[in-house]
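Asker: missing the sequence, but the structure's below:
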């Protein structure tokens, strides 16, 4: 029977730690970490997610701005907004919410954010540091970093383990694979062109799935005692939110498993808050 990795409880614990760090920065240095989330257009899912981020930030004592922009905005106009917050000393972290309208070059927008304010960890400089396993301090994509916090909390040691990452997105798959590799695991990245994922998953000690596809992993795909991290979010036939993996089917075979909802999801926003404070502390250390 599996141990459930409780992301909701861990996020609550992490948020409490973040709140204390905010108070220390305010009391000892007169600094309040600041987060701006720039949202373009009126996508309902994005708006809901941004509201959750804002409410959490305010609750933890973080200075929070939501900058709402019309979906008719031009590339140059959006770049000017990013530059405004690059130069704003009250802002520690800048996040531009996906999705963006088709007239916007997302990669150029990402590159325009100062690496030291790149709270999402997507700037090429920060991605490069991650892949180089650089010894300096830099932000990392929030969902994978949250998963690493889960591993630490539940004492899941990746050294020498066989790990499989299903999905190769820049948001989850690639940074998650790099983090596991940096932690000492042997990592395989699977994707749509992988002919037989079972060939890899059957030998995996740790499986992370981020495909957005129901039943990507079932009990027939894993060995006994594997660790299952489910990053997927899907709606099943009954209209319920579920993950990529067949949770009920896997439960009695694996050693650890994350539920959906209540697993990785809560850790993403908690890690965003944690990293906002990280950036403020690192800026202080640099004397900025």
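Answerer: Here it is on my side, so go on. The shown structure was predicted, so the numbers you read here are calculated from the model rather than taken from an experiment.

Asker: going forward, measure contacts between C-alpha atoms and count neighbours the same way
Answerer: OK.

Asker: Let me see the ranges of the strands in this protein.
Answerer: Secondary structure of the chain (DSSP state E): strands at 3-4, 34-40, 63-69, 93-96, 162-166, 186-190, 206-209, 227-230, 234-235, 241-242, 256-257.

Asker: List the contacts of the fourth one.
Answerer: Spelled out, that is strand 93-96. Contacts of strand 93-96 with the rest of the structure, by Cα atoms under 8 Å, 6 or more residues apart in numbering, involve 34-39, 82, 85-86, 110, 113, 116-120, 276, 279.

Asker: okay, now the nearest residue to residue 198 once chain neighbours are set aside: neighbour count?
Answerer: Distance criterion Cα to Cα, 6 or more residues apart in numbering; nearest residue to residue 198, sequence neighbours excluded, is residue 221 at 5.3 Å. By the measure other Cα atoms under 10 Å, the count of residues near residue 221 is 16.

Asker: now residue 221: how far from residue 161?
Answerer: To residue 161, residue 221 is 17 Å away according to Cα to Cα, to the nearest Å.

Asker: Residue 104 too?
Answerer: In this view, residue 104 and residue 161 are 41 Å apart by Cα to Cα.

Asker: cool, and residue 180?
Answerer: 9 Å.

Asker: cool, and residue 174?
Answerer: Taking Cα to Cα, one finds residue 174 at 18 Å from residue 161.

Asker: can you put the strands of the chain in TSV and add mean neighbour count?
Answerer: TSV is the format used below for the strands of the chain (neighbours: other Cα atoms under 10 Å):
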stretch	mean neighbour count
strand 3-4	14
strand 34-40	23
strand 63-69	16
strand 93-96	24
strand 162-166	26
strand 186-190	18
strand 206-209	26
strand 227-230	27
strand 234-235	14
strand 241-242	18
strand 256-257	22
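
Asker: Reformat these into JSON lines and put distance to residue 267 and mean pLDDT next to each item.
Answerer: JSON lines is the format used below for these (distance: least, Cα to Cα, whole Å; pLDDT from 0 to 100):
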{"stretch": "strand 3-4", "distance to residue 267": "15", "mean pLDDT": "98"}
{"stretch": "strand 34-40", "distance to residue 267": "17", "mean pLDDT": "98"}
{"stretch": "strand 63-69", "distance to residue 267": "19", "mean pLDDT": "98"}
{"stretch": "strand 93-96", "distance to residue 267": "17", "mean pLDDT": "98"}
{"stretch": "strand 162-166", "distance to residue 267": "18", "mean pLDDT": "98"}
{"stretch": "strand 186-190", "distance to residue 267": "22", "mean pLDDT": "98"}
{"stretch": "strand 206-209", "distance to residue 267": "15", "mean pLDDT": "98"}
{"stretch": "strand 227-230", "distance to residue 267": "12", "mean pLDDT": "98"}
{"stretch": "strand 234-235", "distance to residue 267": "18", "mean pLDDT": "92"}
{"stretch": "strand 241-242", "distance to residue 267": "16", "mean pLDDT": "94"}
{"stretch": "strand 256-257", "distance to residue 267": "15", "mean pLDDT": "98"}
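
Asker: Switch those over to TSV; also include distance to residue 272.
Answerer: Listed next are those as TSV, based on distance: least, Cα to Cα, whole Å:
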stretch	distance to residue 272
strand 3-4	23
strand 34-40	9
strand 63-69	12
strand 93-96	9
strand 162-166	22
strand 186-190	25
strand 206-209	20
strand 227-230	19
strand 234-235	22
strand 241-242	22
strand 256-257	23
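
Asker: hey, where'd the helices end up in this structure?
Answerer: For the chain, helices defined by DSSP state H occupy the ranges 7-29, 44-59, 75-86, 106-112, 124-132, 142-153, 173-182, 198-201, 247-250, 264-285.

Asker: So what are the sheet partners of the lowest-mean-pLDDT helix or strand in the chain and their directions?
Answerer: Averaged element by element with mean pLDDT, DSSP states H and E, the chain has its least confident helix or strand at strand 234-235 (a mean of 92). Paired with strand 234-235 in the same sheet, following DSSP bridges, are strand 241-242 (antiparallel).
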